[in-house]
Structure formats: structure tokens, C-alpha cells
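S.K.: Below is the sequence, then the predicted model.
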Amino acid sequence: MDASSKPTCRVVRPGSTYDGRQGLSYFEGIAAETVGSKALCMHIVTILPGARAKAHLHESHESAVYVLSGEARTWYGERLEEFADMKAGDMMYIPAGVPHLPANLSDRPCTAVIARTDPKEQESVVLLPELDALAK
């Protein structure tokens, strides 16, 4: 997106996917790279049965998750000591800087919309490999 273009409304039809540093594949959506957004991004992720992300956090950026279908568990906290189970229709708020790790423990895919206050989406991802084994 050319930064000098006049801002306008844009429709994005998810088609292309990209692999995030978190270890999951995302459908391309709203981001600085696709529409020139300045303060948010929104993507769709499908977590296959048995798949999980890498432990990570988003520095200085909040996240919101809305589960469209399926079920997922997200471990969170400084040592991933807490978890929340979500199903279709549930939403989750993740404050900036909070370590988390989503996973699909079910036998069906889980699809969710993810929105963040980071327009470049992957820019604020900080991997926390020392926490990966703590989510059980």
C-alpha cells in the first residue's frame, strides 16, 4: 500500500495465507501491508486438531480473539499458569505484554478472528521458547 495514497475504505477477501512467527498460518487480512491501516490488524486463523502456537507475547499491543467455529484453549500468564477454554461465539481479550499460547485440543479445526492494535501484526511478536513446555 502506498503511504501517500488518499485513505479510503477497502474490502479484503482472505485468500492468501502466511506463516506467523507464532507457528500458525494466518489468512491475510487487515494490516498496514494490505490496506495501510495505522493502528490495527485483523486476521483469520484456523488451528488444526492437535496444533498449537509457540509461547509468545505482543509487546505494547492488545489482542482480541473471536472464535467462529470449533474449540481452543489458551494458556496465559507469566509462566502460562492459567488457561481459558473457548468455543464458537466466545471472545477473549489479551492485554499487551501478556505471554500466551493457544492450542486446539479437540478433533475438529478451530477458526477464529484475531484483532490487534499492531498494524504490522508480526512486528510486535516476541517468542518465549522457555515457556513452550509449560503449557500442558
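M.R.: The structure has been received and is ready for your questions.

S.K.: quick one, strands of the protein?
M.R.: Under the criterion DSSP state E, strands of the chain are mapped to 17-19, 25-30, 41-47, 56-58, 63-69, 71-76, 82-87, 91-94, 100-103, 110-116, 125-127.

S.K.: now for the helix-or-strand element of the chain with minimal mean pLDDT, which elements pack on it?
M.R.: Within the chain, judged by mean pLDDT, DSSP states H and E, the helix or strand with the poorest mean is strand 17-19; its value is a mean of 79. The contact analysis (3 or more C-beta pairs under 8 Å, 6 or more residues apart in numbering; DSSP states H and E) places strand 17-19 against strand 25-30. In short, each C-beta sits where N, CA and C put it, glycine included.

S.K.: Need the CA coordinates for the strand it packs on. CSV is fine.
M.R.: Extracted C-alpha coordinates of strand 25-30, given in CSV (Å, rounded to 0.1, in the frame of the first residue of the first chain):
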residue,chain,number,x,y,z
SER,A,25,-0.8,-20.0,9.5
TYR,A,26,-3.0,-16.9,9.1
PHE,A,27,-5.3,-15.7,6.3
GLU,A,28,-4.1,-12.3,5.1
GLY,A,29,-6.5,-9.7,6.4
ILE,A,30,-6.5,-6.1,7.5
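
S.K.: Just list the residues touching the residue nearest in space to the middle of the chain, thanks.
M.R.: Note on the chain: the residue nearest the mean C-alpha position is Ile114, at 4.8 Å, using C-alpha atoms, centre = their mean. Residues near Ile114 by C-beta atoms under 8 Å, 6 or more residues apart in numbering: Tyr26, Met42, His43, Ile44, Val45, Ser63, Ala64, Val65.
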